[in-house]
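[1] Model the following, please.
(chains A and B)
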Amino acid sequence: MSVKFSKVFFTYSPKSPFEYEALRDINLDLESGKFIALVGKTGSGKSTLVQHINSLIHPTSGTIDIDGFINSSVKKERTKDIKGLRKHVGLVFQFPEYQLFEETVERDVAFGPKNVGMKEAEAIEKAHWALEKVGLGKSFFERSPFELSGGEKRKVAIAGILAMEPKILVVDEPTAGLDPAAAKDTMSLFKKINEEGTTVILVTHDMDLVASYCDEVVVMENGKVEAQCSPSKLFGRDLSEYSLQNPHIFDFALRLKKRGIDLDMSSIRTTEDLAKAIAKRCKHG
Amino acid sequence: MASLTIGRYVPYNSFIHKMDPRAKLFALIVLMVAIFLPYPTYVMSFTIQGVIFLFGVFLLWRSHVSFFRVLKSLAALWIMVIFILIIYVLVPRTTNYPAFDINGFVIYWDSILEAARILLRLVLMIVLSMVLTSSTKPLDLTAALEWYLYPLKLIGFPSHIVAMIISLALRFIPTILDDVERIMKAQSSRGVDFENGHLGTKIKAIVSLIIPLFVSSFIRSDELANAMECRGYDPNAKRTRYRKLHFRAVDFVETFVVLAIFAGCLTLSIMQLDAYNAIWGITTL
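    Alright, predicted model coming up:
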């Protein structure tokens, strides 16, 4: 079970003055159950890539196999069960709060499940479950989504995708514009979902998030995949060629190393881990 | 999506693109009037429409608009075609040439020809306005409009404010189209099917698009108004332009050609001259 890209090319507005090649020869295997980060600077093709996983756009050439659902440049080969695919892969867009439209929060969250064929009562039940999961209690169910704060709206939008119980969850810049506390909540939610068996694919610029949460990182540059490895392996390298920055903790460790304090970074993911490692080092002299 | 982008400005380097927007706007209006003038017989109407159509095709070719795009926009008119046909079959006719007899219900040539005339007018309107909008930047178009509205200032008409409103509206068309695409994708990944399904589900699909679109448009306009005020926008202040319009030789030639065509059409119309009868002595419908 995996998401497999083979020889995928994608061009926006082909044969017009707006022609733009967004993906060039993507060959990628994203294993199930992992927490995968997709990083790269703006315009490197990250968002275009993830839209292929949901068959929202079709490649100009090549195929993508999403756990048996096929998205291909050839119409005949594409999966007929598009609703099945949309249920299987949940895609949370950047600023998802702009997709809310229903009168009440619970109905908005139940919209997705109903679309993929759940009965009304079951969908509402799923909506309640998803809302509790993102931390919005009963008091929110009957409120209008438009009177909520920005962070709460985003939680509702994320719940709207979670309620469909996707096996693969793709999130595009989920923490953009959120305050640090809300960002942390959101990320721990995704971590929890991942631990319960869902593949999570996180599109981001934020290397600190990658260091703290992800098992694997895919680096994109100019529509190509430049690297696919574990975060600690990536952060050992110079990232400036991809216009990316090392996470703060790795930066800090690098400076310590220059002063003669060499720490083993392979198991360090968060600031707490780093602090512990330094403390340990101090004790042992 | 493609159907929404019909008539969008496409940057090319043709002489039509380089022409003064005032000349182009004038030509469009004059030719449209010529299309809508009453001519004595159907054959005369079709001849004149044919001439203008050929002229329009020439302009399309020179301004690099593919004829395919025109056909695509016409495909969207099929409901209108059926509607016009039904109306004209039912309205009383002036001449008495039966075309078909369906079990005693007679359809006259008049009805068919009148419907054809109206349709041709629509086609011509689309062709001509497409040449204008795909070869002229929206901002240039507003500048032309403002220039034409300028004399109305004498009677206290706020032409510069109207021009600002129009240019803002035009400025936001691509932005809103991008919004439409974004929201459609977001809702599609929640299982909405915008293409198939019966009326009820289709209405629901459209609602899930329209409401978020309204919300984001209102937010955008609010932000824009604030941004303009912050930069000291005063609707009544005298405004200067960065880009000045220049009337060149090619614009004079084009205006002359268009006026010549218009003069011919006007003469034929006012004198109710049936050229076929006058020259060759043929009586036509």
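[2] hey, let's count contacts and neighbours off CA atoms from now on
    OK.
[3] Centre-most residue in chain B?
    Centrality entry for chain B: nearest residue to the mean C-alpha point is B:Ser129, 4.0 Å, by CA atoms, centre = their mean.
[4] And that residue, which helix or strand is it part of?
    Using DSSP states H and E, B:Ser129 maps to helix B:109-135.
[5] ok, and the closest non-adjacent residue to the residue in chain A that chain B sits nearest to?
    Using CA to the nearest CA, the single residue of chain A nearest to chain B is A:Gly112, 4.6 Å away. Excluding its sequence neighbours, the residue lying closest to A:Gly112 (CA to CA, 6 or more residues apart in numbering or on different chains) is B:Arg190, at 4.6 Å.
[6] how about residue 87, what does it touch?
    I'll assume chain A. A:116, A:164-166, B:190-191 (CA atoms under 8 Å, 6 or more residues apart in numbering or on different chains).
[7] Report the secondary structure state of B:Val257.
    helix (DSSP: H, G, I helix; E, B strand; the rest coil).
[8] Look up how far chain A lies from it.
    B:Val257 is 30 Å from chain A, where distance means CA to the nearest CA, to the nearest Å.
[9] and if you look at B:Ala249?
    Distance of B:Ala249 to chain A, given as CA to the nearest CA: 28 Å.
[10] List the residues that contact that residue.
    B:Ala249 neighbours (CA under 8 Å, 6+ apart): none.
[11] Now do the SS call for A:Ala22.
    strand.
[12] The stretch 51-200 of chain A: strands as residue ranges?
    Remark: strands assigned in the stretch 51-200 of chain A by DSSP state E, counting those that start in this stretch are A:61-66, A:69-72, A:89-92, A:168-172, A:199-204.
[13] What sits closest to the residue nearest to the centre of chain B if chain neighbours are left out?
    Closest to B:Ser129 by CA to CA, 6+ apart is B:Leu28, at 6.9 Å.
[14] looking only at pLDDT, what's the mean for the host helix or strand of the one you found?
    Using DSSP H and E, B:Leu28 sits within helix B:21-36. Here helix B:21-36 scores 92 as its mean pLDDT.
[15] from the chain's centre, how far out does that helix sit?
    11 Å (CA atoms, centre = their mean, to the nearest Å).
[16] That one: which residues count as buried?
    B:21-28, B:30-32, B:34-35 (16 or more other CA atoms under 10 Å in any protein chain shown).
[17] Skip ahead from that helix and say which helix or strand is next.
    helix B:42-62.
[18] Tell me the helix or strand right after that next one.
    Beyond helix B:42-62 toward the C-terminal end (DSSP H and E), the next one is helix B:67-75.
[19] Do I have it right that B:Val70 meets B:Ser129?
    No: B:Val70 is beyond contact range of B:Ser129, at 10.6 Å (criterion: CA atoms under 8 Å).
[20] Show me which residues of chain A are close to chain B?
    Within reach of chain B by CA under 8 Å from any CA of the partner chain, chain A has these residues: A:17, A:54, A:56, A:83, A:86-87, A:90-93, A:96, A:98-102, A:111-113, A:115-116, A:160-161.
[21] Can you flag which of those residues belong to helices?
    Under the assignment DSSP state H, those contribute A:83, A:86-87, A:111-113, A:115, A:160-161 to helices.
[22] the longest helix in chain B is where?
    Under DSSP H, chain B gives helix B:199-230 as its longest helix.
[23] For B:Ile35, give me its contacts.
    Counting by CA under 8 Å, 6+ apart, B:Ile35 has contacts B:48-49, B:52, B:121, B:124.
[24] and those as JSON lines, adding neighbour count, pLDDT and distance to B:Val106?
    As requested, the contacts of B:Ile35 are arranged in JSON lines below (neighbours: other CA atoms under 10 Å in any protein chain shown; pLDDT from 0 to 100; distance: CA to CA, whole Å):
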{"residue": "B:Ile48", "neighbour count": "19", "pLDDT": "90", "distance to B:Val106": "29"}
{"residue": "B:Gln49", "neighbour count": "21", "pLDDT": "90", "distance to B:Val106": "28"}
{"residue": "B:Ile52", "neighbour count": "20", "pLDDT": "91", "distance to B:Val106": "33"}
{"residue": "B:Arg121", "neighbour count": "19", "pLDDT": "90", "distance to B:Val106": "26"}
{"residue": "B:Leu124", "neighbour count": "22", "pLDDT": "90", "distance to B:Val106": "30"}
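[25] Helix B:109-135 and the helix or strand containing B:Ala144, what's the angle between them?
    In the assignment (DSSP H and E), B:Ala144 maps to helix B:138-149. Counting by axes from the mean of the first three to the mean of the last three CA atoms, to 10 degrees, helix B:138-149 points 110 degrees away from the direction of helix B:109-135.
[26] For helix B:138-149, which outside residues touch it?
    B:9, B:21-22, B:25, B:159-160, B:162-163, B:166-167, B:170-171.
[27] which one among these gets closest to B:Asp274?
    Closest approach to B:Asp274 among these (CA to CA): B:Leu25, at 30.1 Å.
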